[in-house]
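In: Below is the sequence, then the predicted model.
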Amino acid sequence: KQEVTQIPAALSVPEGENLVLNCSFTDSAIYNLQWFRQDPGKGLTSLLLIQSSQREQTSGRLNASLDKSSGRSTLYIAASQPGDSATYLCAITDSWGKLQFGAGTQVVVTP
Amino acid sequence: NAGVTQTPKFQVLKTGQSMTLQCAQDMNHEYMSWYRQDPGMGLRLIHYSVGAGITDQGEVPNGYNVSRSTTEDFPLRLLSAAPSQTSVYFCASRSGLAGAYEQYFGPGTRLTVT
């Protein structure tokens, strides 16, 4: 059974520092990996989608890498801002098309 | 496009009551699904549908029913509410069946069962 783990569970950084969020998974048979952002009391917003054949995806200050062989993905957020404070979730789409989520990393960026 | 919409936003039920959580999408997506989110456990799949008339169970289906009579709507029914069903419920949709496409989520329904 696929297990998706996000460490750390919480992270606090001063404004301007780069953020590094980790996601690991146990089964490399995946369709893709998706990173989401969730603000308190809100739904999930998709940030980046990496197909299984890709190594990374970039959007603005966000960069996500994927290493299927080691079962890892990393989300980098450059030059963090207080508006980046949120919970970040990674999710694997498995070979059946179902999403399996990690528990998330709660990020606080202090001014 | 409104995207994925859910109603109600908040609901309080007594144990044993039944209710239906509504979900609709206007993107003509074939694949729709329901998740529940509990603290420290991430999101878990309850039921999903690959098209009108076709539904299947996810990881935690007990106590819930679904149907898909149209492409747009995918309601989730709680048959007899229990305190263990207190959670935040999210509906999601995507255009492809094979999993290669981005998932879009609704804003969620926060349910409390007393």
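Out: Cool, got the structure.
In: Which pLDDT value goes with B:L97?
Out: Note on B:L97: pLDDT of 61.
In: Check the one 10 residues further on too.
Out: Looking at B:P107, its pLDDT is 94.
In: Relative to the worst-scoring helix or strand of chain A on mean pLDDT, what are the paired strands and their orientations?
Out: When each helix and strand of chain A is scored by mean pLDDT, DSSP states H and E, strand A:99-101 comes last, with a mean of 90. Strand A:99-101 has the following strand partners under DSSP bridges: strand A:86-94 (antiparallel).
In: if we can go back for a sec, gap between the least confident helix or strand of chain A and the chain center?
Out: Between the centre of strand A:99-101 and the centre of its host chain there is 12 Å, according to Cα atoms, centre = their mean, to the nearest Å.
In: Up against chain A, what does chain B have?
Out: B:4, B:31, B:33, B:35, B:40-45, B:48, B:50, B:58, B:90, B:92, B:97-108, B:110 (Cβ under 8 Å from any Cβ of the partner chain). Where you see a C-beta, it was placed from the backbone N, CA and C, and this is true even at glycine.
In: Buried ones among these?
Out: B:4, B:31, B:33, B:35, B:42-45, B:48, B:58, B:90, B:92, B:99, B:101, B:103-108, B:110 (16 or more other Cβ atoms under 10 Å in any protein chain shown).
In: which residue sits closest to the residue nearest to the spatial centre of chain B, ignoring its sequence neighbours?
Out: Nearest to the mean C-alpha position of chain B, by Cα atoms, centre = their mean, lies B:W34 at 2.8 Å. Of all residues not flanking B:W34 in the chain, B:I46 sits nearest, at 4.4 Å (Cβ to Cβ, 6 or more residues apart in numbering or on different chains).
In: element containing the one you found?
Out: strand B:43-51 (DSSP states H and E).
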